[in-house]
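**Q** This is a predicted model, with the sequence first.
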Amino acid sequence: MNNALLEGILTRLDLVVLERLPHGLFLRLGTAPPPLWFSHVIVTAKDNEPVTVAEAIPFLEHFLGEAEPFWRDVREGRLRSEPFTIADPEGGEIGLVASAIGLGHRHFLVLELAADFEERRRSLQTAREHVLEHEDHVRKTGELLTPLGAAQKMAEQLGASGLSAGQQALARSIRDELAAVAASIEALSPLPKGVRRGGR
Amino acid sequence: MLQKKICMLGGFGVGKTSLVSQFVSSLFSDTYLTTVGVKIDKKTLALDSGEMTLMLWDIYGQDAFQTVRDSYLRGASGYLLVADGTRHATLDTAAALQHQAESVIGRVPFVLLLNKADLDSEWQVDERALVKLVDRGWPVLKTSAKTGDGVEDAFAKLARAMAMA
């Protein structure tokens, strides 16, 4: 495969490939213009000019700390980072992933857009919003059940007091009605197994 | 200039990103946008002992879907534990993260922030729970990323503790 073709593919993939040089410097491979996100954060990235990526992208300082022993000890293969974000020119966020790659005695740092970043964010966002909604639901249910429980107790005490038989029957009926309402509310908002509902 | 890494640790949705945004840019958004991965910001503070640049590691919230990796904590000189005062369970998550942080980076300065102090009517964390933590020597502050109350103080308190450590 010729270099021009390979560069074209890298450009389409929004990838930046940097070769590790001595003294913490990196050289971007290829002569095609780098992706915009890269030019934005590393403004000095001209062709054939080594750059220090860790200053411009602080997360890389952390990742390079893991990459150095990987390059030293493993030599071959790939070490992939967790996603991290950098600011885009419009004030938004760009999700990136870094990979350390060893090929014999040569070491490379590949920076790429985290392809599943937005999808992962959307999934987590939805899941967490559901958890928050559930927590809110449980809290509101608890707020309803606390006074209901107190009223049930009061009706029970009335039922056991020295009222007339008719009044006691009425108190017991009220207690049973309240218990039924509480059970309906509980059924609407079941708690996970092993979790007890309780006041704070 | 002195540069220190600090980590924002806490459960999801407690307001870690909003606190950083309020502190760094004086901005707040009511829209909850979950953090994926790590976002790093920096801000320089003027302390009595000189200037200190804080590298703020805003790490995704811990929950059943994601747990904080030890490697993110390494190199931190301090951390802010963030809990949501309207969700008592987030205090338990903060306590678990404090335990994790101490086992990874040792006893470095930290401050527990009870965020969302503007939501008084929904407050769930009771004073007894706080007194227990304060008795254990935990510095505790109430903050509101929305109004900005306590935010500057929180970062400054941690910075001063790190300068003295």
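**A** Right, received. Where do you want to start?
**Q** what about B:Leu114, helix or strand, and which?
**A** Using DSSP states H and E, B:Leu114 sits in strand B:110-115.
**Q** so what does that strand touch, helix or strand wise?
**A** Judged by 3 or more CB pairs under 8 Å, 6 or more residues apart in numbering or on different chains; DSSP states H and E, strand B:110-115 is in contact with helix B:16-25, strand B:78-84, helix B:89-105, strand B:140-142, helix B:151-164. For glycine as for every other residue, the C-beta is placed from the backbone atoms N, C-alpha and C.
**Q** and if we set it to 6 Å?
**A** strand B:78-84, strand B:140-142, helix B:151-164 (3 or more CB pairs under 6 Å, 6 or more residues apart in numbering or on different chains; DSSP states H and E).
**Q** Just to be sure, A:Thr11 is in a helix?
**A** Yes: per DSSP: H, G, I helix; E, B strand; the rest coil, A:Thr11 lies within a helix segment.
**Q** Give me the nearest residue to it, chain neighbours excluded.
**A** A:Ala32 (5.0 Å; CB to CB, 6 or more residues apart in numbering or on different chains).
**Q** how deep is that neighbour tucked in, by neighbour count?
**A** A:Ala32 has 15 neighbouring residues, counting by other CB atoms under 10 Å in any protein chain shown.
**Q** Out of the helices and strands packed on strand B:110-115, flag the one nearest chain A.
**A** Set against chain A and scored by CB to the nearest CB, the helices and strands packed on strand B:110-115 come closest in strand B:78-84, at 9.9 Å.
**Q** tell me the helices in chain A, going along the chain?
**A** Applying DSSP state H to chain A gives helices spanning A:3-12, A:36-41, A:53-56, A:58-73, A:117-159, A:165-188.
**Q** want to throw these into TSV with mean neighbour count?
**A** Output for the helices of chain A, formatted as TSV (neighbours: other CB atoms under 10 Å in any protein chain shown):
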stretch	mean neighbour count
helix A:3-12	13
helix A:36-41	17
helix A:53-56	18
helix A:58-73	18
helix A:117-159	15
helix A:165-188	13
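**Q** between the ones you listed, which gets nearest to B:Ser103?
**A** The closest of the helices of chain A to B:Ser103 is helix A:58-73. By CB to CB, the value is 18.9 Å.
**Q** now the closest one: how far from the chain's centre is it?
**A** Chain-centre distance of helix A:58-73: 23 Å, with CA atoms, centre = their mean, to the nearest Å.
**Q** Which strands or helices does that helix pack on?
**A** In terms of contacts (3+ CB pairs under 6 Å, 6+ apart), helix A:58-73 is packed against helix A:53-56, strand A:93-103, strand B:38-47.
**Q** Export those as CSV, with columns for mean pLDDT.
**A** Formatted as CSV, the helices and strands packed on helix A:58-73 follow (pLDDT from 0 to 100):
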stretch, mean pLDDT
helix A:53-56, 86
strand A:93-103, 93
strand B:38-47, 93
